[in-house]
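# Can you look at this prediction? I've put the sequence above it.
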There are 4 protein chains.
Amino acid sequence: MKKIKAGIVGGAGYTGGEMLRLLVNHPLVDIVFVNSNSNAGNLISDVHADLFGDTDLRFTSELSADIDVLFLCVGHGDAKKFLDVNPVAKEIKIIDLSQDFRLKANVGTDWVYGLPELNRDRIKNASFIANPGCFATCIQLGLLPLAAKGLIKGEVHINATTGSTGAGQSLSTTSHFSWRNNNLSVYKAFEHQHLNEIGESLSQLTPGFDQVLNFIPQRGDFTRGILAAMYLESDLTAEAAQKLYESYYADHVFTHVSKKNIDLKQVVNTNKGLIHVEKHGNKLFVVSIIDNLLKGASGQAVQNMNLMFGLPESEGLRLKAAAF
Amino acid sequence: MKKIKAGIVGGAGYTGGEMLRLLVNHPLVDIVFVNSNSNAGNLISDVHADLFGDTDLRFTSELSADIDVLFLCVGHGDAKKFLDVNPVAKEIKIIDLSQDFRLKANVGTDWVYGLPELNRDRIKNASFIANPGCFATCIQLGLLPLAAKGLIKGEVHINATTGSTGAGQSLSTTSHFSWRNNNLSVYKAFEHQHLNEIGESLSQLTPGFDQVLNFIPQRGDFTRGILAAMYLESDLTAEAAQKLYESYYADHVFTHVSKKNIDLKQVVNTNKGLIHVEKHGNKLFVVSIIDNLLKGASGQAVQNMNLMFGLPESEGLRLKAAAF
Amino acid sequence: MKKIKAGIVGGAGYTGGEMLRLLVNHPLVDIVFVNSNSNAGNLISDVHADLFGDTDLRFTSELSADIDVLFLCVGHGDAKKFLDVNPVAKEIKIIDLSQDFRLKANVGTDWVYGLPELNRDRIKNASFIANPGCFATCIQLGLLPLAAKGLIKGEVHINATTGSTGAGQSLSTTSHFSWRNNNLSVYKAFEHQHLNEIGESLSQLTPGFDQVLNFIPQRGDFTRGILAAMYLESDLTAEAAQKLYESYYADHVFTHVSKKNIDLKQVVNTNKGLIHVEKHGNKLFVVSIIDNLLKGASGQAVQNMNLMFGLPESEGLRLKAAAF
Amino acid sequence: MKKIKAGIVGGAGYTGGEMLRLLVNHPLVDIVFVNSNSNAGNLISDVHADLFGDTDLRFTSELSADIDVLFLCVGHGDAKKFLDVNPVAKEIKIIDLSQDFRLKANVGTDWVYGLPELNRDRIKNASFIANPGCFATCIQLGLLPLAAKGLIKGEVHINATTGSTGAGQSLSTTSHFSWRNNNLSVYKAFEHQHLNEIGESLSQLTPGFDQVLNFIPQRGDFTRGILAAMYLESDLTAEAAQKLYESYYADHVFTHVSKKNIDLKQVVNTNKGLIHVEKHGNKLFVVSIIDNLLKGASGQAVQNMNLMFGLPESEGLRLKAAAF
């Protein structure tokens, strides 16, 4: 089978590094270039030291048009700027990991929101993919089955805790080991920017959706993963809810519904999403977990690529869990 | 000043150890005995190794009646059993750290619920103190000012994450380092036993209180501390809420209201409680943090002792924060 | 290509779980049975929860003779006992992860010590493999190139720190999260059992080898990985040492020599070994890192299987590093 | 008793913060000013958030001459510069936490090296104290009893691992949580700058001392503490060594010799040093642990102040261990 030729822009950051970790082992991808202005000429393994021994690739400041797919792993705002300055040939598919093209309200329908559990068929035919945010992915996996049946009829209460890699590699007080180790804190309560993309997806499944999503994001003292704990009032029984979720995800290869309670490390270093549902009184309680850098970013980007190019959805994504 | 003579039962566990760490440095306390059946004869520093060099005390299987105060640091259910088998002279004050005597519904009014921010005057005159639970303390500190004014008029949404020491020193899957490190999980959603004592306290301040408290407890991958993130609908402005909380805690030496966002390590290894209040739309958002072993257990027990014996409330409790 | 039929005994422990994580994704292996007396009938994903969604296999108390290779993942001492009670047909290859068959002094030459960087050719033709210990693997990777040239001419000074998974899943004081988190300690100084197998390997390369290996093992507060820091007196220049190591490992696919300083997470969740060499005065300083559960246990076992069955050495072992 | 009036220069860094945590609770100290150019006017609790509720002090850009003791908590090199630019009245005692005045070879004998276990009597009469380095303190506590008897007769082998606070609050790759969590690495092998001050101290006790100290420093993934594992050839029996160490430290209130193995958290958040000695063959093995910010920096500075002003050595330093 002919290999997919891939280019990466912004390869020195966390999502760029994770993209490289995946693509160097992807059996059907050739990495054509890894663009990074700040690191041009340097070995990729000088920045992503875990790739030492796995690749001799170097960063380049150049771009090549001889690619099938372009991954944009730059900061929020920079993807749009990049494409403004560097027009890309029509036949090259683009997968953008920033938030620049996620909201239909802003960019219309040229860009498909790349959440396979919501839009798999449209992704298969898309040219441009806006890869979802990490919190947004985790929370949506917990709510999509309800939204698909119009069963979110009141406020939703969401508390989700993210690992430090969610904030990228920039140095800041809250990313300092001495501060973050053994610590926990809340930030952007009720005002996280991912609420917008979540809202659009729920509206897609439940036209006219206008329920309030109360979202408390937290900074955890771990590196990878997001756990979202959510609940809402619901008439569903525990059994009916379990059935609903299992049915919704029956043909999705990475998202599974566990009857047993779940913990974050079940998915760390994998592209999986795990969901657990409980009923308590009139509250339906949903726990959702993902690895923020994989299902929440670069893994999902590769999954989208697989879908766009007609490969098996899990090609290059059967990852060994870290487990510990 | 004559020193208080203290006895400890159950000195080999986590709350017993923390009691010892506090009392060996308390300038007005003499430790008369530290009872532990399983460790009788052993040096205290053999079990609580950080006390090596600080004390030559040994555990004993015996009890002495020549004490002023008895701390019960045994497991839930065992405090009641201990007192059934070992009647204590009337003039000896008792502070029980288990949950056995917390609920008025069960034990009536002989036992005072030992939360100084709720019951300081009653504690001063009490003979028997039921020391509050750790989650219960953290959550109540975030809700008491509202309850005191009858301002909890709808459901309260609470997500709180505890450190591993909250589960004591027993070995279990979820306390195994290989499992817990870098992990996060939910347990006992909506059904944590501390909801009962919280409910009683809120009813004390708001007679007839019957609002629903939705409580999602989480296991964090740190050792000390609880962070509770809570919200409810409220008409209060941000300013009014800030004023209400500051006013309520104005004369409480350990509980403070921060205008800035807070993080768990501000209180770790101290007896402090910190509260932060924000208003978002119609939601009043409250973050509350404590050290579960101190303000959430042994520190609060010493604070109660200080109050019962007429000492300054912070005697022996001006602790250097770990900070990192 | 016909798949290799594999059986696993002791599948519920840490090395058994890691074996399963590898083999469920190995393209040329079928898992025939996973034996565990304590868990017979249970889903494998009930014990190794990260495998939920990846396999529906169950543990069994039975054994099947219709296999090509048997992995023994039981405790030290139990492998020998198992084989005494359960004779295995001659044509079935055995890979034992315990220490029972590692020492030639005890078991003679029927069993080949399964360190590919030492014995690759012998492994290819072996029927029985004694898989090396984790500390032993890490330390040997740092010393083999010297031993191969007879260049260890004085005492070797070794300090190596292991993650918690090295101690397995049994619950103990030192595996309790509350104890181990943010902690560090030494154990078995100068007396670790792996010194014996290291000594045998060095003697294989340097006949008559009798230098003292001073080995201080430490318990780190991380889950995966071993970092060994070693030095000895040496006449080699830095350049000559670098060349020696690069040359020795030139055709070993998992072991690489980095000119830059290395850190543990470069290899976590991979089967790689990384080596870094420095010269300071008359001391040659060597740092060696591996993942204790992979190159130090189950990954190396799969590598050995690949060699024994004529597969590419890295089949099923191109693992994405956790990196964070 | 009249209180000691203290000034702090460089109060916004890690050692400055720890100094403040100690001095706000020190019963015999008044903090006159906390100088910080970058934070002048800000509340101290804005920078050291754990002090919220404990002090309303603000940083100032000014200095006051109305003090008894000045603590310099500035970076290496900046202490000397500060004193060049800001001459201090003769009657004001100075305790410098940088390395600027530690080496007699550089500064002569005006400055006393402030390690009470080495120089207690000289400290009592000193005007200027050079507070020891953290690694240097930890390692010296393990070697002083031997040096005092001239018993270091060969090379010493030292591996010591430090917490992240040892590197201060500056942001860097190796202080990034995503990098450091669950990681371990070596740095400055054989070349750490603290070797110089250690060498001077050993020479003070063993005139003509010229043995090689091989020192491998490591970065651990914890925040506080240093564990040093050291050994050398020795004729001492285990019993004689134990006796030697116990005797040397008999009248030192913070340093203790444990017959049992020790672990880092026994001393975290205290001013203690713990030592454990074992004999293996002809090697004497010594483990030494301290909290790098306390006994390794600010705690020792307060201990020196206590000695200089005739206070009990442990005044304000009876700290509750974090323990977990």
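Everything's here; your move.
# so who does the residue nearest to residue A:173 when sequence neighbours are not counted touch?
For residue A:173, ignoring the flanking residues on the chain, the nearest one in space by C-beta to C-beta, 6 or more residues apart in numbering or on different chains is residue A:179 at 5.9 Å. The way it works is simple: take the backbone N, C-alpha and C, and place the C-beta from them, glycine included. The contact partners of residue A:179, by C-beta atoms under 8 Å, 6 or more residues apart in numbering or on different chains, come to A:173, B:263, B:265, B:324, D:177.
# And those, which of them are buried?
Buried positions within the contacts of residue A:179, assessed by neighbour count (16 or more other C-beta atoms under 10 Å in any protein chain shown), are B:263, B:265, B:324, D:177.
# Please look at the last one and residue A:175 and confirm they touch.
Which is residue D:177. Yes: under the contact definition of C-beta atoms under 8 Å, residue D:177 touches residue A:175, with a separation of 5.3 Å.
# State the number of residues packed around residue A:312.
When counting by other C-beta atoms under 10 Å in any protein chain shown, one arrives at 12 neighbours for residue A:312.
# thinking again about what came up before, pick the one among the contacts of residue A:179 closest to residue C:320.
Closest to residue C:320 out of the contacts of residue A:179 is residue D:177 (20.8 Å), distances taken as C-beta to C-beta.
# the domain parsing of chain A - what is it?
With automatic domain parsing as the criterion, the domains of chain A are listed as A:4-131+A:297-308, A:134-290.
# Quick one: end-to-end distance for the shortest one.
Read that as domain A:4-131+A:297-308. In domain A:4-131+A:297-308, first residue to last residue: 11 Å (C-alpha to C-alpha, to the nearest Å).
# Can you confirm whether that domain lies near chain C?
Yes: in this structure, domain A:4-131+A:297-308 sits against chain C according to C-beta under 8 Å from any C-beta of the partner chain; the contacting residues are A:14, A:17-18, A:21-22, A:25, A:46, A:48-53.
# OK, contacts around the residue of chain A most remote from its centre?
Checked against the mean C-alpha position of chain A, the extreme residue using C-alpha atoms, centre = their mean is residue A:281, at a distance of 32.4 Å. Contact analysis of residue A:281 by C-beta under 8 Å, 6+ apart lists residue B:190.
# how does it look with 6 Å?
Contacts for residue A:281 (C-beta atoms under 6 Å, 6 or more residues apart in numbering or on different chains) come out as none.
# Residue D:176 versus the residue nearest to residue A:169 when sequence neighbours are not counted, what's the distance?
The spatially closest residue to residue A:169, leaving aside those adjacent along the chain, is residue A:14, at 5.3 Å (C-beta to C-beta, 6+ apart). Using C-beta to C-beta, to the nearest Å, residue A:14 is found at 11 Å from residue D:176.
# Could you pull up the residues touching the spatially closest residue to residue A:297 that is not a sequence neighbour?
If you skip the residues right next to it in sequence, residue A:297 has residue A:15 as its closest partner in space, 4.7 Å away by C-beta to C-beta, 6+ apart. Neighbour list for residue A:15: A:73, A:97, A:297-298 [criterion: C-beta under 6 Å, 6+ apart].
# change it to 10 Å
A:8, A:71-75, A:97-98, A:131, A:134, A:165, A:168-169, A:292-293, A:296-298, A:301 (C-beta atoms under 10 Å, 6 or more residues apart in numbering or on different chains).
# Generate a ChimeraX selection restricted to the buried subset of these.
Typed into ChimeraX, the line below selects the buried ones among the contacts of residue A:15, using 16+ other C-beta under 10 Å:
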select /A:8,71,72,73,74,75,97,98,131,134,165,169,292,293,296,297,298,301
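# Show me the contacts of residue A:15 that map onto helices.
Among the contacts of residue A:15, the ones falling in helices (DSSP state H) are A:134, A:298, A:301.
# where do the strands sit along chain A?
Per DSSP state E, chain A carries strands over the ranges A:4-9, A:29-35, A:69-72, A:93-96, A:111-113, A:128-130, A:156-162, A:185-186, A:213-219, A:226-233, A:255-258, A:273-280, A:283-290.
# Any chance of CSV for the ones you listed, columns mean pLDDT and distance to chain B?
Rendered in CSV, the data for these read as follows (pLDDT from 0 to 100; distance: least, C-beta to the nearest C-beta, whole Å):
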stretch, mean pLDDT, distance to chain B
strand A:4-9, 98, 27
strand A:29-35, 98, 28
strand A:69-72, 98, 27
strand A:93-96, 98, 28
strand A:111-113, 98, 26
strand A:128-130, 98, 27
strand A:156-162, 98, 4
strand A:185-186, 98, 4
strand A:213-219, 98, 5
strand A:226-233, 98, 5
strand A:255-258, 98, 12
strand A:273-280, 98, 4
strand A:283-290, 98, 5
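# Please identify which of these is closest to residue A:147.
strand A:156-162 (10.1 Å).
# Now do the closest one against strand B:226-233, angle only.
Using axes from the mean of the first three to the mean of the last three C-alpha atoms, to 10 degrees, the direction of strand A:156-162 lies 150 degrees away from that of strand B:226-233.
# ok now strand A:156-162, how far from the chain's centre?
Its chain's C-alpha centre and that of strand A:156-162 lie 16 Å apart, by C-alpha atoms, centre = their mean, to the nearest Å.
# Convert the C-alpha atoms of that strand to CSV, please.
These are the backbone C-alpha positions of strand A:156-162, laid out as CSV (Å, rounded to 0.1, in the frame of the first residue of the first chain):
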residue,chain,number,x,y,z
VAL,A,156,-25.1,19.6,33.5
HIS,A,157,-22.5,19.7,36.3
ILE,A,158,-19.0,18.9,35.2
ASN,A,159,-15.7,18.8,37.1
ALA,A,160,-12.7,17.8,35.1
THR,A,161,-9.0,17.5,36.1
THR,A,162,-6.2,17.7,33.6
